[in-house]
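Peer 1: My questions concern the predicted model and sequence given below.
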Amino acid sequence: MKENFDALVQHLLNGGISLGQAIEILEKRMIEGALERSRGNQCAASQRLGIHRNTLQRKMTAYELANGRIRPRRKPLARAPGSRGRKAGAA
């Protein structure tokens, strides 16, 4: 396996791929592979990759791998002035 990886590194260097580009390619492909192996289960994919689920979701968004599965974060609704969490009718 090490020989294959060394050959890949040489191939990338010969192709003029920068370190940043190589990291992006590798990271994106590993995320895709982990998601495929876990059949889209993000918790299982993040465990397989050894990263937190939130980190996986952030990277999926950055690499446009979400496929509509990540819901946009919504801001909490503003409370009405004077309401401090009391239930209606409570004394």
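Peer 2: Here it is on my side, so go on.

Peer 1: which parts of stretch 32-39 are buried?
Peer 2: Using 16 or more other C-beta atoms under 10 Å as the test for burial, stretch 32-39 gives 34, 35, 38. Where C-beta positions appear, they are placed from N, C-alpha and C, glycine not excepted.

Peer 1: With adjacent residues omitted, what lies nearest to residue 63?
Peer 2: Counting by C-beta to C-beta, 6 or more residues apart in numbering, residue 28 is the residue found nearest to residue 63 once chain neighbours are left out, at 4.7 Å.

Peer 1: since we're on the one you found, how many residues are nearby?
Peer 2: 16 (other C-beta atoms under 10 Å).

Peer 1: Now do the helix or strand hosting it: which elements does it pack against?
Peer 2: Here residue 28 is covered by helix 19-37, with elements defined by DSSP states H and E. Applying 3 or more C-beta pairs under 8 Å, 6 or more residues apart in numbering; DSSP states H and E, we find helix 19-37 packed against helix 42-49, helix 53-62.

Peer 1: Ok, which of these comes nearest residue 18?
Peer 2: Residue 18 lies closest to helix 53-62 among the helices and strands packed on helix 19-37, at 17.4 Å (C-beta to C-beta).
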